[in-house]
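K.L.:
What follows is a predicted protein model with its sequence.
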Amino acid sequence: MRIYSALQELVQQGVNAGLIQPEDKIYARNQVLSHLGLDSFPAEVEGESEKEIPELLDELVEYAVSAKVIPDLFDKKEILASQIMNVFLARPSEVNREFYQRYENSPKEATEYFYQLSQKSNYIQIQRISKNIHYKADTAYGELDITINLSKPEKDPKQIALEKELKKTAAHYPECLLCVENEGYAGRIGHPARSNHRMIRVELANEDWYFQYSPYVYYNEHCILLSGEHRDMKIDRGGFVRLLEFVEQFPHYFIGSNADLPIVGGSILTHDHYQGGNYEFAMAKAEEEYGFTLQGFPEVHGATVKWPMSVIRLRSKNKTELVEAADFIFETWKSYRDPAVEIEAYTGETRHNTVTPIARMRDGYFELDLVLRNNRTTEEFPLGIFHPHADVHHIKKENIGLIEVMGLAVLPARLKTELIEVERFLLGKDHEIAGYHLPWAEEMKENYRSELTEANITEIVRKEVGQKFMRVLEDAGVFKRNEAGQEAFRRFTDLLART
């Protein structure tokens, strides 16, 4: 009988959350019964409980596994959960209509509605996200955000083997995880379930773009804006136009793009997309250091920023002139070289220079940060000269994409247990720690000596992880935060000012 109670409770929670109306209860119940392979419902069933939608959904999915309605595979369980929640969701046209009705009142009201809907429908996996470890670490550049990502469950060997086998004959629909064709797609082994996925239609620079939230949000209202066309990531003038048009439409959000080259780009370079949200990162709070003017763009103020990476901040009320100034800087940077600080624009015909752009509105001004990037490799630095170096790989080895650039470390799940082992080592309780952490742990033991106690050990280790992430960002900076690096940065901005 418990399965029927759980189903009734889920339906009632759907009503309580405003996903469906009371008149929809029987319809919703019958739809979910079908997904569970059931064809009847007892007359006397309780329908109220304190359990949240994700918990009740897990109960229904586990029943389906135990009753052999679906196999005990992660992707199959995700598909069923998504299909069940789709029962409670309006069609995309209705969601868009509601969004834009609220937008007429205020853009913030519209995004708050859609963000809440994405959580209530379990598209944003709040229960899993709550497992992440998140804290702020004070550094010379402000408070950096540190996240240890624990929200994505590990797949079991059966699932991995099945994915490998199916890849040989895999369909190419949708073409990638960011294509608009994912909206409402049931999913399959190796491709995530998206039955309960909805997107908002947004026009940018006379193109169709689609606004959604990330299923595993890393910060408040972490959104993704994706092109309706499946095309490669590309930084160009059109991209600057779209970023500024977006913040003009949604002035309470920032929006940014990953760089468009390997190593310095994000994890998906095959579909043009941006990421944004309602959050102020440490980089946005960073102070200007050296201001300069651009001869051809009198209404644009330029400045370098006190940040471990090399940032040029542009501000203007004139959106068109700001786009032209950004494009001028980008085109200049693409071919810029300064051998004194290892910056080379090309190896043969292979380009190395690009930018990570981030747009926002501030005090009535358009603001655009251009983070200068270079992906050149050498024998000494095979993963990239301006990439995290070997001595920080024990904390962060992956690409430094948009989110990290702004000051949020997304660190691997392994650190949850490994950092506990480091704490034990520092307290003299356990000498079994990963070898790659040992030099760092020995250095902390020397630096803190008698300060280490049970009460403060976690705080100390977290602080030092923050210092490591700061170093990661400094490694990724093309103009280093030393005298030679800042003089080289000045040479570049002087070139911009006089050209």
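P.N.:
Looks like it came in fine. Residues are numbered from 1 along each chain as shown.
K.L.:
Determine whether the claim that Thr467 is in a helix is correct.
P.N.:
Wrong residue type there; residue 467 is Gln, not Thr. Yes: secondary structure assignment (DSSP: H, G, I helix; E, B strand; the rest coil) places Gln467 inside a helix.
K.L.:
From Gly407, how far off is the closest residue to it other than its chain neighbours?
P.N.:
Counting by Cβ to Cβ, 6 or more residues apart in numbering, the nearest residue to Gln467 once its immediate chain neighbours are dropped is Thr139, at 6.7 Å. Bear in mind the C-beta positions are built from the backbone N, C-alpha and C, glycine included. Relative to Gly407, Thr139 is positioned 9 Å away (Cβ to Cβ, to the nearest Å).
K.L.:
higher neighbour count, these two?
P.N.:
When Thr139 and Gly407 are compared for neighbours, Gly407 comes out ahead with 28 against 18, by other Cβ atoms under 10 Å.
K.L.:
just checking, that one touches Phe281?
P.N.:
Yes: in this structure, Gly407 is within contact of Phe281 by Cβ atoms under 8 Å, at 4.7 Å.
K.L.:
how would you label the closest residue to Ile20 other than its chain neighbours: helix, strand or coil?
P.N.:
Beyond its immediate neighbours in the sequence, the residue positioned closest to Ile20 (Cβ to Cβ, 6+ apart) is Gly14, lying 4.8 Å away. In terms of secondary structure, Gly14 is helix; the call rests on three-state DSSP.
K.L.:
contacting residues for Gly14?
P.N.:
Neighbouring residues of Gly14 by Cβ atoms under 8 Å, 6 or more residues apart in numbering: Ile20, Asp24, Ala28, Ile53, Phe88.
K.L.:
what's the burial count for Gln467?
P.N.:
The local packing of Gln467 (other Cβ under 10 Å) involves 16 other residues.
K.L.:
what's the answer for Arg91, then?
P.N.:
Applying other Cβ under 10 Å, we find 11 residues neighbouring Arg91.
K.L.:
Distance of it relative to Met199?
P.N.:
Counting by Cβ to Cβ, the gap from Arg91 to Met199 is 12 Å.
K.L.:
next one: Glu181
P.N.:
Here Glu181 is placed at a distance of 11 Å from Met199 (Cβ to Cβ).
K.L.:
between those two, which one's more packed in?
P.N.:
For Glu181 versus Met199, the count of surrounding residues by other Cβ under 10 Å is larger for Met199: 22 against 13.
K.L.:
Mind pulling up the pLDDT for the more buried one?
P.N.:
Met199 is assigned a pLDDT of 98 by the prediction.
K.L.:
which SSE is the closest residue to it other than its chain neighbours in?
P.N.:
Once its chain neighbours are removed from consideration, Met199 has its nearest residue in Tyr210; the separation is 4.2 Å (Cβ to Cβ, 6+ apart). Using DSSP states H and E, Tyr210 sits in strand 207-213.
K.L.:
can you pull the buried residues of that strand?
P.N.:
Of the residues in strand 207-213, those with enough neighbours to count as buried (16 or more other Cβ atoms under 10 Å) are Trp209, Tyr210, Phe211, Gln212, Tyr213.
K.L.:
Leaving out sequence neighbours, find the closest residue to the last one.
P.N.:
So the one you mean is Tyr213. Residue nearest to Tyr213 in three dimensions, not counting chain neighbours: Ser118, with 4.6 Å by Cβ to Cβ, 6+ apart.
K.L.:
Please, which helix or strand holds that neighbour?
P.N.:
Counting by DSSP H and E, the element that carries Ser118 is helix 107-120.
K.L.:
Name the residues that touch that helix?
P.N.:
Residues from elsewhere that reach helix 107-120 (Cβ under 8 Å, 6+ apart): 17-19, 53, 89, 95, 98-100, 102-103, 124, 126, 198, 200, 211-213, 221, 223, 249-253, 278.
K.L.:
intersection of neighbour lists for Gly407 and Phe281?
P.N.:
Taking Cβ under 8 Å, 6+ apart as the contact criterion, the common neighbours of Gly407 and Phe281 are Asp145.
K.L.:
quick one: average confidence on stretch 210-222?
P.N.:
Taken as a whole, stretch 210-222 has a mean pLDDT of 96.
K.L.:
Who are the contact partners of Glu48?
P.N.:
By Cβ under 8 Å, 6+ apart, Glu48 lies in contact with Glu9, Gln12.
K.L.:
same question, the one 4 residues further on
P.N.:
By Cβ under 8 Å, 6+ apart, the contact list for Glu52 reads Gln13, Gln127.
K.L.:
10 Å instead?
P.N.:
Residues in contact with Glu52, defined by Cβ atoms under 10 Å, 6 or more residues apart in numbering, are Leu10, Gln13, Ala17, Lys120, Asn122, Ile126, Gln127.
K.L.:
which residues sit in contact with the second one?
P.N.:
It stands for Gln13. For Gln13, counting by Cβ under 10 Å, 6+ apart, the contacting residues are Leu19, Gly47, Glu48, Ser49, Lys51, Glu52, Ile53, Glu55, Leu56, Leu57, Phe88, Lys120.
K.L.:
What separation is there between it and Ala6?
P.N.:
Taken as Cβ to Cβ, the spacing of Gln13 relative to Ala6 amounts to 10 Å.
K.L.:
Which neighbours do the two have in common?
P.N.:
Shared contacts of Gln13 and Ala6, defined by Cβ under 10 Å, 6+ apart, are found at Gly47, Ser49, Lys51, Glu55, Leu56, Leu57.
K.L.:
need those in TSV with secondary structure and pLDDT, can you?
P.N.:
Written out in TSV, the entries for the shared contacts of Gln13 and Ala6 read as follows (DSSP: H, G, I helix; E, B strand; the rest coil; pLDDT from 0 to 100):
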residue	secondary structure	pLDDT
Gly47	coil	66
Ser49	coil	73
Lys51	coil	91
Glu55	helix	95
Leu56	helix	96
Leu57	helix	97
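K.L.:
which strands and helices sit next to the helix or strand just after the strand holding Tyr210?
P.N.:
Scanning forward in sequence from strand 207-213 by DSSP H and E, the next helix or strand is strand 223-227. Helices and strands in packing contact with strand 223-227 are listed as helix 107-120, strand 200-204, strand 207-213, helix 237-249, strand 254-256, strand 273-277; criterion 3 or more Cβ pairs under 10 Å, 6 or more residues apart in numbering; DSSP states H and E.
K.L.:
how about the ones you listed, which one is nearest Met470?
P.N.:
Closest to Met470 of these is strand 254-256 (Cβ to Cβ; 20.1 Å).
K.L.:
Which elements pack onto the closest one?
P.N.:
Taking 3+ Cβ pairs under 10 Å, 6+ apart as contact, the helices and strands that strand 254-256 lies on are strand 223-227, helix 237-249, strand 273-277, helix 282-285, strand 353-362, strand 365-374, helix 402-405.
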